[in-house]
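Chemist: From the sequence below, what's the structure:
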Amino acid sequence: MHHELSLITTIAAALGFGLLFGMLAVRLRLPALVGYLAAGVFIGPATPGFVADVALASQLAEIGVMLLMFGVGLHFSLRDLLDVKGIALPGALLQIGVATAMGIGLSHFWGWSLGAGLVFGLALSVASTVVLLRALEARGVLDSMNGRIAVGWLVVEDLVMVLVLVMLPALAGPLGGKGDAGAELWPALGKTLLQVGAFVAFMLIVGRKIFPWFLWRVAKTNSRELFTLAVIAAAVGIAYGSSHLFGVSFALGAFFAGMVLRESELSHRAAEESLPLRDAFSVLFFVSVGMLFDPMVLVDYPLQVLAVVGIVLFGKSLAAFVLVLALRYPLNTAITVSASLAQIGEFSFILAALGMSLELLPALGQNLILAGAIISIAVNPLLFKAAAPLEKWLRSNSELARRLERSTDPLAELPMETAHEKLSGQVVLVGFGRVGRRIADELSARGVHYVVAEQNREIVEQLRARGVPAVVGNAAEPVVLIQAHIARAAMLVIATPDTFHVRKMVEIAKALNPAVQCVVRSHNDQEAELLREDTGGKVFVGEEELAGSITRHVFDTLRARAAHPATH
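Modeler: Here you go, the predicted structure:
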């Protein structure tokens with residue numbers, strides 16, 4: 001009977017202990033993910049007491065991988081990535097290269113093969129998107145410029161890892177792993193890329209039309225359970241079909257399932273309805289990963305663990321810090337990206353498991369990766385808390401950091417040829433996202449001059465190409481508002497969703513121009529009230545303004561009907 005119920009026993013133990021250890025982790029102010037990994041260690045074969053079925057747990061983990069990657073694809077926006085491509089694409093690729101080289105060098109020192117070092121280095125190079133999203137959401141900066149850059153950076157990392165998962169089996173033989181060691185590299189690689197290309201073409205040409213259409217048909221039944229079933233069936237079914245028909249990984253299939261469903265107008269509902277099941281199976285995934293970890297590696301190989309943690313927390317983060325500053329982005333952006341990358345997670349686990357199955361990565365390598373993940377995820381919240389004090393210290397004590405941040409940056413100052421009439425009585429518009437663009441369009445339509453302060457260099461370059469005065473940088477720094485000529489401005493309009501620095505922006509603006517009027521964007525009533533008290537300016541709340549706009553439209557329509565009843 002116990003054997004027959006092993007699936008139920010494994011699920012019950014994983015979810016039950018995941019809940020207990022997750023709650024304990026949260027009480028200790030650690031990410032719940034650390035608790036899930038610890039729960040896996042507790043019910044795994046490396047610790048005494050109850051041992052769950054590792055084989056069944058690994059199959060449940062496969063479903064967790066599918067749903068995790070489906071969620072990544074469902075939230076993947078090509079437009080959001082293109083907005084930050086100038087920093088995310090080169091930065092992520094160079095950082096992956098540096099971190100992978102560190103891993104290969106360390107593994108070579110330990111006497112591992114090139115194939116083992118490659119898998120090991122790649123696993124250390126990629127951060128957890130799940131951990132990052134939760135960290136940014138907890139701090140309310142997910143929609144800020146720095147948040148979008150960090151997410152875009154990790155999306156590039158995820159895409160690279162998807163390609164690695166697809167190509168690694170073809171490379172396993174030549175690298176000395178499981179496979180046909182005598183097979184020619186390029187034919188095997190060409191075959192793999194051909195299969196992937198066929199799958200991608202099928203999904204982009206056929207899948208993006210069929211699956212959103214099918215989702216609409218299901219939605220018209222008005223059955224919530226059928227809609228949820230359709231979303232999950234699409235995620236798992238496409239993942240399985242892609243593996244069976246095209247020979248690509250479950251991860252790639254699930255990722256593209258999310259991407260094509262995002263094309264549907266029901267994508268937000270699909271994400272919402274599938275979230276509970278995705279969360280449940282992600283818990284099973286992390287618990288199953290913990291079951292593979294042997295805690296004795298901390299005792300037997302402490303120096304190796306410290307070396308891995310050093311690469312994850314400091315090596316690749318320092319590389320990212322230098323790269324962001326080299327690309328002439330602000331110091332706070334460099335610190336945010338560095339803190340975001342100072343951990344490893346789900347892709348590292350998936351890559352390590354694949355490396356083990358291909359006999360490329362030794363068991364010690366997987367244990368070191370798991371140890372590095374558990375420690376780095378636990379420490380990551382502390383690094384985010386230290387970001388603001390570190391930024392303040394660097395600005396105060398490091399002339400080099402200040403010089404790297406803004407020196408010889410042509411976008412940090414307005415062009416000399418900017419007309420003087422545009423820099424007196426103008427509106428200083430902070431942020432040029434979706435809200436900022438609409439405000440700018442209205443100002444232009446009414447002939448009102450404005451200067452944009454924006455952290456995205458590509459947006460500033462585009463604005464200048466159109467003849468719009470714009471300066472790059474964080475408006476919480478006096479030099480940025482000075483360059484925007486706040487001293488002669490009539491109004492400061494803060495349209496960025498990052499309300500963390502709003503008070504500082506208003507303080508600087510008032511100090512430089514006591515007569516300036518301030519307008520601030522907010523997200524909720526409580527935050528708006530605090531901002532009104534601190535800034536003394538007009539605060540617009542998203543929900544209030546939406547309700548007001550709808551009400552005005554209703555009243556205008558009713559008045560029009562009353563004035564011309566015969567025409568309605």
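
Chemist: The closest residue to A363 other than its chain neighbours: which element?
Modeler: Spatial nearest neighbour of A363, chain neighbours left out: M356 (7.1 Å); criterion: Cβ to Cβ, 6 or more residues apart in numbering. Heads up, the C-betas are built off the backbone N, CA and C, glycines and all. Under the criterion of DSSP states H and E, M356 resides in helix 346-357.

Chemist: okay but L24 is in contact with G35, surely?
Modeler: Yes. Contact criterion Cβ atoms under 8 Å: L24 and G35 qualify, at 5.8 Å.

Chemist: how about the helix or strand containing N332 as CSV, C-alpha atoms only?
Modeler: Take DSSP H and E as the rule and N332 turns out to sit in helix 331-341. The C-alpha trace of helix 331-341 is given here as CSV (Å, rounded to 0.1, in the frame of the first residue of the first chain):
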residue,chain,number,x,y,z
LEU,A,331,25.8,54.5,-10.1
ASN,A,332,22.4,53.4,-8.6
THR,A,333,21.7,51.4,-11.8
ALA,A,334,25.0,49.6,-11.5
ILE,A,335,24.4,48.8,-7.8
THR,A,336,20.8,47.6,-8.5
VAL,A,337,22.0,45.3,-11.3
SER,A,338,24.9,44.0,-9.2
ALA,A,339,22.6,43.1,-6.3
SER,A,340,20.1,41.5,-8.7
LEU,A,341,22.8,39.2,-10.1
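
Chemist: Which neighbouring elements make contact with it?
Modeler: Packing contacts for helix 331-341, counted by 3 or more Cβ pairs under 8 Å, 6 or more residues apart in numbering; DSSP states H and E, involve helix 85-109, helix 129-138, helix 145-172, helix 316-326, helix 363-397, helix 399-406.

Chemist: Tell me which residues of the second one come out buried.
Modeler: Within helix 129-138, the residues that qualify as buried are 129-136, counting by 16 or more other Cβ atoms under 10 Å.

Chemist: Report how many residues lie close to the closest residue in space to L20 that isn't next to it in sequence.
Modeler: Leaving aside its chain neighbours, L20 sits nearest to A39 (7.1 Å; criterion: Cβ to Cβ, 6+ apart). A count of nearby residues for A39, using other Cβ atoms under 10 Å, gives 28.

Chemist: What of E507?
Modeler: Based on other Cβ under 10 Å, the number of other residues close to E507 is 14.

Chemist: just G425 next, same as before
Modeler: 12.

Chemist: got it, and the one 10 residues further on?
Modeler: If you count neighbours by other Cβ under 10 Å, V435 ends up with 18.

Chemist: quick one: it and R521 touch, right?
Modeler: Yes. Contact criterion Cβ under 8 Å: V435 and R521 qualify, at 6.2 Å.

Chemist: so which of the helices and strands packed on helix 331-341 comes closest to S249?
Modeler: Minimum separation from S249 across the helices and strands packed on helix 331-341 (Cβ to Cβ) falls at helix 145-172, 4.9 Å.

Chemist: Which helix or strand lies directly C-terminal to the closest one?
Modeler: Next along from helix 145-172, by DSSP H and E: helix 185-202.

Chemist: The helix or strand following that following helix: which residues count as buried?
Modeler: Per DSSP H and E, the first helix or strand lying C-terminal to helix 185-202 is helix 208-219. The neighbour-count check on helix 208-219 (16+ other Cβ under 10 Å) flags 208, 211-212, 215, 218-219 as buried.

Chemist: Just give me the closest of these to S398.
Modeler: Of the buried residues of helix 208-219, the one sitting nearest to S398 (Cβ to Cβ) turns out to be R208, at 48.8 Å.

Chemist: How about the closest one: what's its closest non-neighbour residue?
Modeler: In space, and not counting its chain neighbours, R208 is closest to V260: 4.4 Å by Cβ to Cβ, 6+ apart.

Chemist: doesn't L215 make contact with the one you found?
Modeler: No. Shown here, V260 and L215 do not form a contact pair, counting by Cβ under 8 Å, at 9.8 Å.

Chemist: ok, G86 to F256 distance?
Modeler: 26 Å (Cβ to Cβ, to the nearest Å).

Chemist: In terms of neighbours, single out the busier of those two.
Modeler: F256 (27 against 18).

Chemist: What about the residue nearest to the more buried one when sequence neighbours are not counted, how many residues nearby?
Modeler: Leaving aside its sequence neighbours, F256 sits nearest to M203 (Cβ to Cβ, 6+ apart; 4.5 Å). Neighbours of M203 under the rule other Cβ under 10 Å: 22.

Chemist: distance between stretch 310-321 and the chain's centre?
Modeler: Stretch 310-321 sits 18 Å away from the centroid of its parent chain (Cα atoms, centre = their mean, to the nearest Å).

Chemist: make that stretch 238-252, sorry
Modeler: 24 Å.

Chemist: Can you measure across that stretch, start residue to end residue?
Modeler: Using Cα to Cα, to the nearest Å, the end-to-end distance of stretch 238-252 comes to 10 Å.

Chemist: residues of it that come out buried?
Modeler: Going by 16+ other Cβ under 10 Å, stretch 238-252 has these buried residues: 238-239, 242-243, 246-252.

Chemist: Farthest-apart pair in those residues, please.
Modeler: Most distant of the buried residues of stretch 238-252, by Cβ to Cβ, are I238 and G247, 14.3 Å apart.

Chemist: can I see the domain layout of this protein?
Modeler: For the chain, automatic domain parsing gives the domain ranges 6-397, 410-559.
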